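Trainee: Fold the following for me, if possible:
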Amino acid sequence: MSRCSFFIYIILLGLCNFLCHCETSNKVIIRQGGDDLKLTCKVAKGVIYWFKDGEGLNPSSSSDGSGDSISTITRNNLTMKDAGMYQCTDKALTTHNFSVSILTVSGKSQELVANASEAVLECSVENEELEVIEMRWRRGNDLINETDKYLTITNGSSSSLIISNPDENDVGPYVCEVSIEHAENKFEKIVGLNNGPHVKKIVDLRNKVEGETAFIVCNVTGYPVPRVTWFKLLEDETQMQVITYDERVSTEAVEGVADAKLIIRDLKIKTDRGDYTCVATNYLDSFNATVTLKVKDKLAAVWPFLGICAEVIILCSIIFIFEKRRNRRMEEEEGDAVKQDLMKKSNGTSQDVRQRNTVTKA
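Mentor: Residues are numbered from 1 along each chain as shown. The predicted structure follows:
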């Protein structure tokens, strides 16, 4: 359709609306840059025409089960060029108007500075044609209210969040929430108090048994969220090797940090024991921590018990042999004593006989 034909069509459409009270609808749509947009027009059976700011468009068309005509206009990754007045109409001059506005919510993050008195996060709306109703800040799902810790300053289409005496506990994402007049939804922008990663000390795993599962957790803080990589020290203790994941070795996320938990199933002494290093990295810095994993044989707990049993058996054997020898010695000593007593008695009897014989002769 030529531009001249379009203006003639619009004039006729206006006259028809004025004289015939043809059906017309108007809708205001506000989207954020980068979003997707889908406009749908449904009329009685017939051809549907689309226009944007006076220029004809080529929509996709279909028909529903009732025979009505359905036509859609789709725009992906919206930019300011996609803003404007969209119109769909049919031969019966039924018109649907869509006023589309595009806004951009921008933010300015800040890095955590040691011993700083404050940190300032900023947020602003870039579209002077839209009226900002409200701007507020959240941390997670919690709305931030003004306290000794937080102060918000809003001026028209811009807002600042001031954090007093910021420390590592304040590091992370903050959400700037914007309410626009006539907009169905609220718009958000994530602004961060950034800091390099830090990994807490990992306790060594010294009592794992072959066949068990080991869980090694890399407790990471920092924002933007650090990326975690796991390494293992080779047997020559000179090189670190990136751990490859399979059905036996895998990772899980911990508190939003991907790969922060290393899971080793069915532990093996030869391949799994050793030093493991967790390296956390973001655009500001990197940090690492090392943990030692010791894997014992399945019978490791049995050997001490068997040793104790062997010691008891040997001790009992020694005691038994000693007692047996002592009893034998005592029996021999008692036998000797009996013999000596018998000998003494026999000697005493013979002496009496001799004495008697001597007296008789006399």
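Trainee: Domain ranges for the chain, per the record?
Mentor: Split into domains by automatic domain parsing, the chain comes to 3-103, 109-194, 200-296, 305-342.
Trainee: Kindly present the ones you listed as CSV, with separate columns for mean neighbour count.
Mentor: Where you see a C-beta, it was placed from the backbone N, CA and C, and this is true even at glycine. Formatted as CSV, these follow (neighbours: other C-beta atoms under 10 Å):
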stretch, mean neighbour count
domain 3-103, 15
domain 109-194, 16
domain 200-296, 16
domain 305-342, 10
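Trainee: could the ones you listed be laid out in TSV, adding mean pLDDT?
Mentor: Below are the domains of the chain laid out as TSV (pLDDT from 0 to 100):
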stretch	mean pLDDT
domain 3-103	77
domain 109-194	94
domain 200-296	92
domain 305-342	77
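Trainee: At which residues are the helices of the stretch 51-200 of the chain located?
Mentor: In the stretch 51-200 of the chain, no segments count as helices under DSSP state H, counting those that start in this stretch.
Trainee: er, the stretch 251-362 of the chain actually
Mentor: Under the criterion DSSP H, counting those that start in this stretch, helices of the stretch 251-362 of the chain are mapped to 269-272, 302-361.
Trainee: Provide the partner residues of residue 277 in its beta bridges.
Mentor: Counting by DSSP bridges, residue 277 is bridged to residue 231, residue 290.
Trainee: Please report how far it lies from residue 214.
Mentor: 15 Å (C-beta to C-beta, to the nearest Å).
Trainee: quick one: the strands in the stretch 101-250 of the chain?
Mentor: Along the stretch 101-250 of the chain, counting by DSSP state E, counting those that start in this stretch, strands occupy 110-111, 118-126, 132-139, 142-143, 150-155, 158-164, 172-180, 187-199, 205-209, 214-217, 220-223, 227-233, 240-242, 249-254.
Trainee: who wins for proximity to residue 272 among those strands?
Mentor: strand 214-217 (7.4 Å; C-beta to C-beta).
Trainee: Could you dump the strands of the stretch 101-250 of the chain into CSV and include distance to residue 98?
Mentor: Below are the strands of the stretch 101-250 of the chain laid out as CSV (distance: least, C-beta to C-beta, whole Å):
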stretch, distance to residue 98
strand 110-111, 39
strand 118-126, 21
strand 132-139, 22
strand 142-143, 33
strand 150-155, 30
strand 158-164, 29
strand 172-180, 17
strand 187-199, 19
strand 205-209, 61
strand 214-217, 51
strand 220-223, 39
strand 227-233, 42
strand 240-242, 52
strand 249-254, 41
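Trainee: Export stretch 317-337 to CSV, keeping only CA atoms.
Mentor: Output of stretch 317-337 as CSV, limited to C-alpha atoms (Å, rounded to 0.1, in the frame of the first residue of the first chain):
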residue,chain,number,x,y,z
SER,A,317,48.4,-68.5,75.4
ILE,A,318,51.3,-67.1,77.3
ILE,A,319,49.3,-67.1,80.5
PHE,A,320,48.0,-70.6,79.8
ILE,A,321,51.5,-72.0,79.1
PHE,A,322,53.0,-70.2,82.1
GLU,A,323,50.2,-71.5,84.4
LYS,A,324,50.6,-75.1,83.0
ARG,A,325,54.3,-75.0,83.6
ARG,A,326,53.8,-73.5,87.1
ASN,A,327,51.3,-76.2,88.0
ARG,A,328,53.6,-78.9,86.7
ARG,A,329,56.4,-77.5,88.8
MET,A,330,54.2,-77.3,91.8
GLU,A,331,53.1,-80.9,91.3
GLU,A,332,56.8,-82.0,91.0
GLU,A,333,57.7,-80.0,94.1
GLU,A,334,54.8,-81.6,96.0
GLY,A,335,55.9,-85.0,94.9
ASP,A,336,59.4,-84.4,96.0
ALA,A,337,58.1,-83.2,99.4
